[in-house]
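Peer 1: fold the following.
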Amino acid sequence: MKILLIQPAKPEKAIGGEDFSIFEPLALEYLAAALSGDHEIRILDMRIDHDLAPVLDEYRPDIVGITSYTVHVETVKRLFRQVKAHNPSVLTVVGGPHATVMPEDFSTPFIDIIVAGDGISPFRGIVSCLEKEGDMKDISGAVALGDGNILIDNGEEAADLDLAPFPRRDLTADYRHAYFSEWMKPLASIRTSKGCLFRCRFCALWKQTGGRYLTRKPECIVEEMTSIKEKYVFFADDESLLDVERMKNLADLIIQAGLGKRFFLYGRSDTIVKYPGLIERWKEAGLERVFVGLESFRDRDLKQIRKGSTVENNGKAIQMLKGLGIDIFPTFIVQPDFDRQDFRDLRKYCLQLSLPFIGFTVLTPLPGTELYHDVKDSLVASSYDYFDFFHALLPTKLPLKDFYEEFALLYRRSRSLKNRIRLMRKHRLRELPALFKAYGQLMNRLANLERDYLEDNGDAPFP
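Peer 2: Okay, here's the model as predicted:
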């Protein structure tokens, strides 16, 4: 049986995404690894390989599976329409985070099966059922929907991550040179845990594991790392440092194995501050960069979004990482009710941090989050193409043009020239023209973002 698994590209109007980083499609590699039997499997990464038609013509798949975040919803539905137009008998299956929280959004005639939650066991059952010409409704967790689709929902994800086979990285061999995050290229990804113990209002990841924090054994992780060829490795975890003893053991094993890798992972500022010895040990193991969601420069904002940290912790974490020579990838959330003084205060705070890179996003109420539940009736944009963390989805206090003028200034004026040069020096000289081009395009898009709303609505839904 021929199976085609697709990682979709971001929609044309969405900002960010693969313009600045592309991580390997671990979810699809895990799906492929879980399939037993004599199947021919192909992964198409449309962030790099943009044309589906020749693949359908040449490969002629029996099953097409596509994963989807919220921003991909409309793109994915268009892809499935194309698949069915090419061959109506192809079985079409959608899964991923958005299918888990809003499966009804994929109830169309072009999608046969919607998988909510952990996809490995259901997808294995789908392939087996098609092989045996069975009834998909007999698969565990399957229910028929009104439009002829089938929803398969087996609930929360399995607790033992070590039972899953290692992902099929051989299926992305032709793309691996293109996986990157800024200067870290080529970049592999590895999953060491899933879930989070915190309850941030803007995040739904913790719900997908029922609030549990699932982890893999350090020995199993190191075994997988020995098969990874890339020097740079990204930990594709919701939060990597929560189980402190496990992470200490993992660092020790990595050092003993002499892997020579350079690591990039997520870490909360309060965890970093509370366990300095852990971070020091990870520096020795090869930790090069930490993604830290600082979120705000004000404690009242952190309390409102239920971050569970403080501005004081954020500052201490930044200084600790700086002292160890570990690069910091911090991000802040811009609230829609910011006025010009709020933007100025945030810029001033960021300049004081003296960092070579700082990321900014607009507060985005993702489906499945408590934030979405509270504000969904106030959304000013209905297209999922705008759920990219840059388009404003709630009414802004400032006129939209002024809001994005200030938002662009955050990127332009929150770092000193000295720190900008420090960042550029991390890149190879030949990469700088593409970097400057991408940054220029981002600034141009932000300056003209109001046009997106005008094109869709005929009038900007803002003051």
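Peer 1: any weak-confidence spans in this structure?
Peer 2: Low-confidence segments of the chain, defined by pLDDT under 70: 156-158, 457-463.
Peer 1: for it, which helix is longest?
Peer 2: Counting residues, the longest helix found in the chain (DSSP state H) is helix 432-447.
Peer 1: on contacts alone, who are the packing partners of that one?
Peer 2: Helix 432-447 sits against helix 400-413, with contacts defined as 3 or more CB pairs under 8 Å, 6 or more residues apart in numbering; DSSP states H and E. Just so you know, the C-beta spots here come from the backbone N, C-alpha and C atoms, and that holds for glycine as well.
Peer 1: what helices or strands is the helix it packs on leaning on?
Peer 2: Packing contacts for helix 400-413, counted by 3+ CB pairs under 8 Å, 6+ apart, involve strand 327-334, helix 340-353, strand 359-362, helix 432-447, helix 450-457.
Peer 1: figure out how far stretch 435-444 is from the centre of its chain.
Peer 2: 21 Å (CA atoms, centre = their mean, to the nearest Å).
Peer 1: in it, which residues are buried?
Peer 2: Residues of stretch 435-444 classed as buried: 435, 442 (neighbour count, 16 or more other CB atoms under 10 Å).
Peer 1: ok, Ser193 to Arg216 distance?
Peer 2: 7 Å (CB to CB, to the nearest Å).
Peer 1: neighbour count: these two, which is higher?
Peer 2: Taking other CB atoms under 10 Å, Ser193 and Arg216 do not tie; Ser193 has more neighbours (24 against 21).
Peer 1: thinking again about what came up before, which neighbours do Ser193 and Arg216 share?
Peer 2: Residues touching both Ser193 and Arg216 by CB atoms under 8 Å, 6 or more residues apart in numbering: Leu161.
Peer 1: for Val143, which non-adjacent residue is spatially closest?
Peer 2: Sequence neighbours aside, Leu151 is the residue nearest to Val143 in space, at 5.3 Å (criterion: CB to CB, 6 or more residues apart in numbering).
Peer 1: who are the contact partners of that neighbour?
Peer 2: Applying CB under 8 Å, 6+ apart, one finds that Leu151 lies in contact with 103, 113-116, 142-145.
Peer 1: list only buried entries from the residues you listed.
Peer 2: The neighbour-count test (16+ other CB under 10 Å) marks 103, 113-116, 142 as buried among the contacts of Leu151.
Peer 1: please enumerate the helices of the stretch 1-150 of the chain.
Peer 2: Here the stretch 1-150 of the chain has its helices, by DSSP state H, counting those that start in this stretch, at 26-34, 53-59, 73-86, 97-101, 120-131.
Peer 1: which other helices and strands does the last one contact?
Peer 2: Yep, that's helix 120-131 we're talking about. Helix 120-131 sits against helix 26-34, strand 63-67, strand 91-95, strand 113-116, strand 150-153, with contacts defined as 3+ CB pairs under 8 Å, 6+ apart.
Peer 1: C-alpha coordinates for it, PDB please?
Peer 2: Output of helix 120-131 as PDB, limited to C-alpha atoms (Å, rounded to 0.1, in the frame of the first residue of the first chain):
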ATOM      1  CA  ILE A 120      -0.200   6.700  16.000                       C
ATOM      2  CA  SER A 121      -2.600   4.000  17.100                       C
ATOM      3  CA  PRO A 122      -5.600   5.300  15.000                       C
ATOM      4  CA  PHE A 123      -3.600   5.600  11.900                       C
ATOM      5  CA  ARG A 124      -2.200   2.100  12.300                       C
ATOM      6  CA  GLY A 125      -5.800   0.900  12.500                       C
ATOM      7  CA  ILE A 126      -6.900   2.900   9.500                       C
ATOM      8  CA  VAL A 127      -4.100   1.400   7.300                       C
ATOM      9  CA  SER A 128      -4.900  -2.100   8.600                       C
ATOM     10  CA  CYS A 129      -8.600  -1.600   8.000                       C
ATOM     11  CA  LEU A 130      -8.100  -0.400   4.400                       C
ATOM     12  CA  GLU A 131      -5.800  -3.400   3.700                       C
END
